[in-house]
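[1] What follows is a predicted structure for the sequence shown.
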Amino acid sequence: MPTTAKKGDIIDIKTLISHPMVSGQAKDAAGKIIPRDIINTFTCTFNGKQVFAMKLEPAISANPFISFPVKMTQDGTFDFQWVDDNGQVYKDSAKVTVT
Amino acid sequence: MSLRPGVLPAAAATAFALTMVFGIALLVRSQTQGDLGKYTVGNKKSGYVYATPQTRAMQDDDFQNPGFLWIDKGKALWNSVDGGAGKSCASCHNAAEISMKGVGASYPKYDAKAGHVIDIEQRIGMERERMGAAPWAWESEQLLAMTAYLKLQSRGMPVDVSSDGPAHGAWQQGKTFYETRRGQLDMACAQCHVQNNNRKLRTETLSQGQTNGFPTYRLSWQTLGSVQRRFRECNEQIRAEPLPYGSPQYVALELYLASTGNGLPVEAPSVRK
């Protein structure tokens, strides 16, 4: 994976997760409301320290793509975490070396 | 420069609906600029040309393009053994990047064994049967994933379907369908997409209705969808009874439309509004 950045560089972090993001507004064929199931929080930590967090709402479409800039000053690991309404947690991480 | 860890678990094909796939890309900032010239051939214009810059940017970045979630699934399916024969697609065809290059650009085409024109979804179904596996349902995650993965192997190559020879009958049928008024609104496909293309229908710009981008991730669907799903949607919009998936009329229409776009680059998986 691309793992290097120059010191002081601003890098774009892009994340994409496959999730249906059921809004809780729709009804099924029998007329019953389909319970809400969205990713409600996304957090990104760098070396254990939170650098980005986001609260997601039902209007956000399926397969949410989240991108944000980070200024790189030191080596480290980004840890990403998505939590959905069913309490499922999805995690991933990426290492970046500063040259 | 993008990372897409293959985190798709070795899940049973049927578990896809519940399977989460995710990835992360770290990029040094760069601007994506769509190249419209590539998507215009003579007077033929891909739907890409009619899309907004934001939608084009989504398509241009393979990481940001949600269609690639299906590509990852398609690649996993290509290599997974299924059916009574104990084979995967790769058992016979090896690497799709080589063996399937250009294949997606030539469908729909006449198939001698079937005795009629088939589209790529039906071809996948036939191959599944040869593997001793049940064909995937239309619009299933698996069929969309495999279709997108196969078409990806022809990305950038010109659409090249044959309307001559044994395919000519179906082509003629598709042309007739395209030009025939139907439904309560009494409208033909050609009225919007030929006579009025590039003009506004309410807030939308009518495109030429080219099919080189399918399967496409439509933001309004929030999922990947086949060209036949689009046909059904179009038919509903003119208050006509949509035909079932895989019906000969729709396959014929697919062939006719693809032939009108011969020369445009295969774009799958494209992103549209």
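    Yep, it's here.

[2] For residue A:45, give me its contacts.
    Going by Cβ atoms under 8 Å, 6 or more residues apart in numbering or on different chains, residue A:45 touches A:51, A:78-79, A:81. To be clear about C-beta, it is placed using only N, CA and C from the backbone, and glycine gets the same treatment.

[3] Kindly state the pLDDT recorded for residue B:18?
    Residue B:18 carries a pLDDT score of 45 in this model.

[4] And residue A:5, by the same measure?
    Confidence at residue A:5, expressed as pLDDT, is 80.

[5] Now it: phi and psi?
    phi -150, psi 150 (degrees, to the nearest 10).

[6] cool, and the one 10 residues further on?
    Phi and psi for residue A:15, reported as degrees, to the nearest 10, are phi -130, psi 140.

[7] where's residue B:173, which helix or strand?
    Assigned by DSSP states H and E, residue B:173 belongs to helix B:168-179.

[8] so what secondary structure elements neighbour that helix?
    strand B:116-118, helix B:189-190, helix B:248-260 (3 or more Cβ pairs under 8 Å, 6 or more residues apart in numbering or on different chains; DSSP states H and E).

[9] hmm, back to that, so which of the contacts of residue A:45 wins on neighbours?
    The residue in the contacts of residue A:45 with the most neighbours, by other Cβ atoms under 10 Å in any protein chain shown, is residue A:78 (21 neighbours).

[10] Not counting residues beside it along the chain, what's closest to it?
    Counting by Cβ to Cβ, 6 or more residues apart in numbering or on different chains, residue A:78 lies nearest to residue A:94, which is 5.0 Å off, once chain neighbours are set aside.

[11] Can you give me every residue that contacts whichever residue of the stretch 151-273 of chain B sits closest to chain A?
    With Cβ to the nearest Cβ as the measure, residue B:222 is the residue of the stretch 151-273 of chain B nearest to chain A, at 3.9 Å. Applying Cβ under 8 Å, 6+ apart, we find residue B:222 in contact with A:21, A:61-63.

[12] among those residues, which are in reach of chain B?
    When Cβ under 8 Å from any Cβ of the partner chain is applied, the members of those adjacent to chain B are A:21, A:61-63.

[13] Show the buried residues in those residues.
    A:21, A:62-63 (16 or more other Cβ atoms under 10 Å in any protein chain shown).

[14] Skipping adjacent residues, who's closest to the residue nearest the centre of chain A in space?
    Most central in chain A under Cα atoms, centre = their mean is residue A:42, positioned 4.3 Å from the mean C-alpha point. Distances taken as Cβ to Cβ, 6+ apart put residue A:54 closest to residue A:42, at 4.6 Å, once the chain neighbours are dropped.

[15] tell me the secondary structure for that neighbour?
    Following DSSP: H, G, I helix; E, B strand; the rest coil, we place residue A:54 in the strand state.

[16] Hmm, it is touching residue A:66, no?
    Yes. Assessed by Cβ atoms under 8 Å, residue A:54 is found in contact with residue A:66 at 6.4 Å.

[17] Output the helices and strands packed on helix B:168-179 as a markdown table; include the columns distance to chain A, mean pLDDT and mean neighbour count.
    Shown next, in a markdown table, are the helices and strands packed on helix B:168-179 (distance: least, Cβ to the nearest Cβ, whole Å; pLDDT from 0 to 100; neighbours: other Cβ atoms under 10 Å in any protein chain shown):
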| stretch | distance to chain A | mean pLDDT | mean neighbour count |
| --- | --- | --- | --- |
| strand B:116-118 | 30 | 97 | 22 |
| helix B:189-190 | 28 | 96 | 20 |
| helix B:248-260 | 24 | 97 | 23 |
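
[18] Make JSON lines out of these and add distance to residue B:238.
    Below are the helices and strands packed on helix B:168-179 laid out as JSON lines (distance: least, Cβ to Cβ, whole Å):
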{"stretch": "strand B:116-118", "distance to residue B:238": "24"}
{"stretch": "helix B:189-190", "distance to residue B:238": "9"}
{"stretch": "helix B:248-260", "distance to residue B:238": "14"}
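
[19] Quick one: closest of the ones you listed to residue B:45.
    Nearest to residue B:45, of all the helices and strands packed on helix B:168-179, is helix B:248-260, at 11.3 Å by Cβ to Cβ.
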